[in-house]
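*Asks:* Whatever this is, show me its structure:
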Amino acid sequence: MIHLPILVFDIETVEDVETGKRIHQLDLPDAEAALALANLRKQETGQDFPRLPFHEIVCISGLWIEDGSMKLFSFSQADLTEAQILEKFLGVFDKREPTLVSWNGSGFDIPVILYRAMLHKLSAVGLLDQGEHDVQKRYNNYQNRYHQRHTDLMDVLAMFNNRNFQKLDHVAQLLGFAGKQGTSGYDVVGMVRAGQWSELTQYCESDVLNTWLIYLRWQLLRGALDLGGHEEWLQLTQDFLAEGRHKGMLG
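*Replies:* Residues are numbered from 1 along each chain as shown. Alright, predicted model coming up:
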C-alpha cells in the first residue's frame, strides 16, 4: 500500500553569480566572475561545486500521482522568476500533504529550496511544520530522516550511510530504466544561457520519472506493493509516458 497523493520532484540550479560577486567584492563581468568564484571554491574545498545557499533555482519539476492518474509539470525561469517558482512549489504543501519522493532531496534539493525561499522572504509552513500547526506532524513530518512523509531514495537505499550513496543514473540503468540519456547537471548552465528551456525541463522531468520508477521498485522491495500491484503501477506509468515526450523512459 502506497500513500497517495505522491509528489516526486527534482530541481535544477545554476550558480548565483550576483551574490558571489557581492560577497567576494568582485567587479567583473559574470563569465569572469564565475571562473573566479570557481577558483575560490577550489582553494577552500578542493571542488568547484557552489555552496548550497548559492544555487539559484531555474527549474522545479514534479510528478503528481493521485487516484490512478498522473500529472507531470515544470515551473521554470522560462516564464517565472525564482521567487515565483518557489511560491508555486511551496504553495502545494499549504493546500495538500503529499508523500514527497526525491533523489538526494534531503541533502540538496530541500536545503537549497529553503535557503532561496528565505532570500525571497517566503514562508514554507506546510513543508516545515513539525507539530506547531498540525499535531500529527510531530510523529510524521517532512524533516525527519526516518519518517515516511518524505522519502529520499538515495538516503534510504544507502541505509542512511553516505558512504553508500549512489547516482540516480546508475541505479536507474541497473533496474533497466532509461537514466539520464547522455545529459547531466553539467549541461544545465549551457541550456540556460542558450535559452533552451524545453530541453532543460525535459531533462528535469526525466530525473523525476526515473526517481518514480525506482520508488515503485523500492515499494516492491519493502513489501508496500506486491508484484501484481507493482506491475499495475508500471503499466499505468507506461500508458502515461506513451502519451507524452518521455516515451523511452522504461528502457
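*Asks:* Helices along the chain, start to end?
*Replies:* With DSSP state H as the criterion, the chain has helices at 17-24, 30-45, 82-95, 110-119, 125-128, 153-157, 168-174, 188-193, 197-221, 227-242.
*Asks:* Could you tell me the angle between the third one and helix 110-119?
*Replies:* Here the directions of helix 82-95 and helix 110-119 differ by 110 degrees (axes from the mean of the first three to the mean of the last three Cα atoms, to 10 degrees).
*Asks:* which other helices and strands contact helix 82-95?
*Replies:* Other helices and strands packing on helix 82-95, by 3 or more Cβ pairs under 8 Å, 6 or more residues apart in numbering; DSSP states H and E, are strand 55-66, strand 69-76, helix 110-119, helix 125-128. For the C-beta atoms, the positions are set from N, CA and C on the backbone; glycine is no exception.
*Asks:* Pairing partners for the second one, with directions?
*Replies:* The one in question is strand 69-76. Applying DSSP bridges to the sheet, strand 69-76 is found paired with strand 55-66 (antiparallel).
*Asks:* Next, the angle from the strand it pairs with to helix 197-221.
*Replies:* Using the same axes, to 10 degrees, strand 55-66 lies at 50 degrees relative to helix 197-221.
*Asks:* Looking at the helices of the chain, which is nearest to G62?
*Replies:* G62 lies closest to helix 197-221 among these, at 6.3 Å (Cβ to Cβ).
*Asks:* What helices and strands are in contact with the closest one?
*Replies:* By 3+ Cβ pairs under 8 Å, 6+ apart, helix 197-221 packs against strand 6-15, strand 55-66, strand 69-76, strand 99-102, helix 153-157, helix 168-174, helix 188-193, helix 227-242.
*Asks:* if we can go back for a sec, rebuild the helices of the chain as CSV, extending it with mean neighbour count.
*Replies:* As requested, those are exported to CSV (neighbours: other Cβ atoms under 10 Å):
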stretch, mean neighbour count
helix 17-24, 15
helix 30-45, 14
helix 82-95, 17
helix 110-119, 18
helix 125-128, 18
helix 153-157, 20
helix 168-174, 18
helix 188-193, 16
helix 197-221, 21
helix 227-242, 14
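*Asks:* H3: which of those helices is closest?
*Replies:* The closest of the helices of the chain to H3 is helix 197-221. By Cβ to Cβ, the value is 10.2 Å.
*Asks:* Distance from the closest one to the middle of the chain?
*Replies:* A distance of 9 Å separates the centroid of the chain from that of helix 197-221, by Cα atoms, centre = their mean, to the nearest Å.
*Asks:* Kindly report the same for stretch 49-59.
*Replies:* Averaging C-alpha positions (Cα atoms, centre = their mean) puts stretch 49-59 13 Å from its chain's average.
*Asks:* Please apply the same query to stretch 118-134.
*Replies:* Computed by Cα atoms, centre = their mean, the chain-centroid distance of stretch 118-134 equals 18 Å.
*Asks:* Stretch 139-154 now?
*Replies:* 15 Å.
*Asks:* and if you look at stretch 113-128?
*Replies:* Distance, centroid of stretch 113-128 to centroid of chain: 16 Å (Cα atoms, centre = their mean).
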